[in-house]
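Visitor: here you go, sequence then predicted model.
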Amino acid sequence: MSFSSATAAVDLDPDKLPRHVAIIMDGNGRWAKKRVLNRIRGHEKGTETVRMAVRTCRKQNIPYLTLYAFSTENWQRPRQEVAALMALLKKFLLKEKAEMMAQDIRLSCIGQIENLPDDVRATIHDVCAATGNNRHMTLNLALSYGSRAEITRAVQQIAQQVRAGSLDPDRITENIISNCLYTQSMPDPDILIRTSGEMRISNFLLWQIAYAEIFVTKTLWPDFSEVEFLEILKAYQTRERRFGRVGGQV
Ligand code: IPE
Ligand code: IPE
Ligand code: MG
């Protein structure tokens, strides 16, 4: 990623920045289909948008960006597409490692990382270890991620603690549950963006998005631009987040 490109004009309020933006990066296949290209070309083009999204968050001082890159359900896609996505992921990580170091960005991954191919896992391990002390921003990739699987795993952990006698069921709190999720050390997303127009969550961060501000854009992920991202951030700053109260209270 390059940080020298001109910044799109924007006047965001630094006191109202989101701490965490989560994105369902959808529409790569449709982008390719419109151009009579193989779906894989859409995924390749989509990695350029990933770079843009990381760069924009870094420039705007947004500390957490979570990108839904591969869902537990995506394993059901044709074998060649899954293989291409895994290869692209590895290529992306190897290519971005130096830039993540230069820009003080830490890589984190959530999901069933154990189910990824060995070489991809090794690359993830390497980049997470190398960038582990970086503090300016966390790039959090959701890989083989499914929210129901994540919650199921949390319930299993909690049940084991109860069985072992180290946790009283009456003392199970929302915090304890949050701390058993993959996202344990992160704030909940303030913003959820989905590209390409589908009005659904597709098993993404179901617990964590309880109060996220939702933005769905018809733009396909490979066409999603810095200008549009900044427009969403600007629109977020005008939303009144009431968290159940009435307007005058917030
Ligand atoms: C998102 O684009 C990328 C992944 C889910 C891996 P899609 O591949 O879902 O694109 P569409 O929805 O078919 O257009
Ligand atoms: C959601 O997109 C998963 C990712 C973006 C990785 P999908 O394209 O898989 O979602 P559905 O199947 O249309 O709900
Ligand atoms: Mg899709």
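Guide: Sure, I can see it. Ligands and ions are numbered 1, 2, ... in the order given.
Visitor: point out where this structure drops to low pLDDT.
Guide: Along the chain, the model assigns pLDDT under 70 to residues 1-9.
Visitor: centre of it to the edge, which residue is at the far end?
Guide: The outermost residue of the chain relative to its centre, with distances by CA atoms, centre = their mean, is Gly165 at 35.3 Å.
Visitor: could you give the number of residues near Ala235?
Guide: Neighbours of Ala235 under the rule other CB atoms under 10 Å: 12. (Glycine included, C-beta is placed from N, CA and C.)
Visitor: and what of Glu48?
Guide: For Glu48, the number of neighbouring residues by other CB under 10 Å comes to 12.
Visitor: on the three-state scheme, it is what?
Guide: Recorded secondary structure, Glu48: helix (DSSP: H, G, I helix; E, B strand; the rest coil).
Visitor: before we move on, what about Gly248?
Guide: Three-state call for Gly248 (three-state DSSP): helix.
Visitor: swap in Thr66?
Guide: Reduced to three states with three-state DSSP, the structure at Thr66 is strand.
Visitor: tell me the bridge partners for it.
Guide: Ala22, Asn140 (DSSP bridges).
Visitor: which residues touch it?
Guide: The contact partners of Thr66, by CB atoms under 8 Å, 6 or more residues apart in numbering, come to His20, Val21, Ala22, Ile23, Ile110, Asn140, Leu141, Ala142, Thr183, Met186, Pro189, Leu205.
Visitor: also Ala235?
Guide: If you count contacts by CB under 8 Å, 6+ apart, Ala235 has them with Phe215.
Visitor: just the element for it, please.
Guide: Using DSSP states H and E, Ala235 sits within helix 226-238.
Visitor: what does Thr138 give?
Guide: strand 137-145.
Visitor: phi and psi next, for the residue nearest to Arg194 when sequence neighbours are not counted.
Guide: Distance criterion CB to CB, 6 or more residues apart in numbering; nearest residue to Arg194, sequence neighbours excluded, is Ile24 at 4.1 Å. Ile24 adopts backbone torsions of phi -90, psi 100, taken as degrees, to the nearest 10.
Visitor: identify each buried residue in stretch 136-156, please.
Guide: Using 16 or more other CB atoms under 10 Å as the test for burial, stretch 136-156 gives 137-147, 149-150, 154.
Visitor: and for stretch 157-175?
Guide: Gln157, Ile158, Gln161, Leu167.
Visitor: list the contacts of the last one.
Guide: With CB under 8 Å, 6+ apart as the criterion, the residues that contact Leu167 are Ile158, Gln161, Ile176.
Visitor: now flag whichever of those residues is closest to ligand 1.
Guide: For these, the residue nearest ligand 1 by CB to the nearest ligand atom is Ile158; the value is 30.2 Å.
Visitor: and that closest one, that's in a strand?
Guide: No. Judged by three-state DSSP, Ile158 forms no part of a strand; its state is helix.
Visitor: residue contacts, the residue nearest to Gly46 when sequence neighbours are not counted?
Guide: Nearest non-adjacent residue to Gly46, counting by CB to CB, 6+ apart: Asn28, 4.4 Å away. Applying CB under 8 Å, 6+ apart to Asn28 gives the contacts Arg39, Gly42, His43, Lys45, Gly46, Leu220, Trp221, Pro222.
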